[in-house]
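> Based on what follows, work out the 3D shape:
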Amino acid sequence: MKIGILQAGHAPDELRADRGDFNALFETLLAGHGFDFTTWDVVDMSFPASATLCDGWLITGSKHGAYEDHPFIAPLENMIRDIYAAKVPLVGICFGHQIIAQALGGKVEKFAQGWAVGRQSYDWQGETVALNAWHQDQVVSRPAGATVMASNRFCENAALIYEDRAFTVQPHPEFDADFVDGLARCRGPGNVPVAQLAAAKERLAIPVDNSRLANNIAQFFKTRTVS
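A predicted model of the protein is given here:
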């Protein structure tokens, strides 16, 4: 099964040398599920020719805001709508979660209550699921057809399912403790409050449920369902 990764941003240079870019993190996360991957750097204006070129699509995170005026935003929104109309399974993570919601009629904004950084717990349809987060923006109004799968007190729309067409998640199942630690060093200072960075570092050793989300994403690509 061919999965197209639409890379909407790049990992910090300081982390890329050892860990690779965001597409490499997803290839590692989804290893063993039988997928072949091709990446388009949409943030650099490299787009696939067709919404049906792959069997499934995944939009990565980004340091950019979905509501900001960047050249790649409008064509990416058009691509999302084409994928959605063609009923090719679509997955979005963090920025991907946000831009899919925005493209389909939802609203994304810089959240007035600030940042979510590091390990966070979510109510996932009655179960507690822990994942690493790194965001200030979030979906504040869902599009028609989107149903909440996970939330917490800080982030109401932490995971959304759009029937059998799209599955999106605000936190980062592709981020492990080392990557969060690296982000705290490279992108945290001057952006995230010092106390929040310190708290995130204190939680680095506590396990998260990345493997569960990997299974959820793989299941959605293969069966268009999430359990």
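
> if you go through this protein in chain order, where are the helices?
Assigned by DSSP state H, the chain shows helices spanning 13-19, 22-29, 73-86, 95-103, 177-186, 194-202, 210-223.

> how about TSV for these, with mean pLDDT added?
TSV is the format used below for the helices of the chain (pLDDT from 0 to 100):
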stretch	mean pLDDT
helix 13-19	91
helix 22-29	98
helix 73-86	98
helix 95-103	98
helix 177-186	96
helix 194-202	96
helix 210-223	98
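
> most tightly surrounded among those?
Stretch with highest mean neighbour count among the helices of the chain: helix 95-103 (a mean of 28; mean count of other CB atoms under 10 Å). (C-beta placed from N, C-alpha, C; glycine too.)

> ok now that helix, how far from the chain's centre?
A distance of 9 Å separates the C-alpha centroid of helix 95-103 from that of its chain, computed with CA atoms, centre = their mean, to the nearest Å.

> what's the answer for stretch 72-84, then?
16 Å.

> Just the C-alpha atoms of that stretch, please, in PDB.
Output in PDB follows, covering the C-alpha atoms of stretch 72-84 (Å, rounded to 0.1, in the frame of the first residue of the first chain):
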ATOM      1  CA  PHE A  72       1.700  26.500   0.200                       C
ATOM      2  CA  ILE A  73      -1.500  26.900   2.300                       C
ATOM      3  CA  ALA A  74      -4.100  27.400  -0.500                       C
ATOM      4  CA  PRO A  75      -2.800  24.600  -2.800                       C
ATOM      5  CA  LEU A  76      -2.600  22.300   0.200                       C
ATOM      6  CA  GLU A  77      -6.200  23.100   1.100                       C
ATOM      7  CA  ASN A  78      -7.200  22.400  -2.500                       C
ATOM      8  CA  MET A  79      -5.400  19.100  -2.400                       C
ATOM      9  CA  ILE A  80      -7.100  18.100   0.800                       C
ATOM     10  CA  ARG A  81     -10.500  18.800  -0.700                       C
ATOM     11  CA  ASP A  82      -9.600  16.800  -3.800                       C
ATOM     12  CA  ILE A  83      -8.400  13.800  -1.600                       C
ATOM     13  CA  TYR A  84     -11.600  14.100   0.500                       C
END
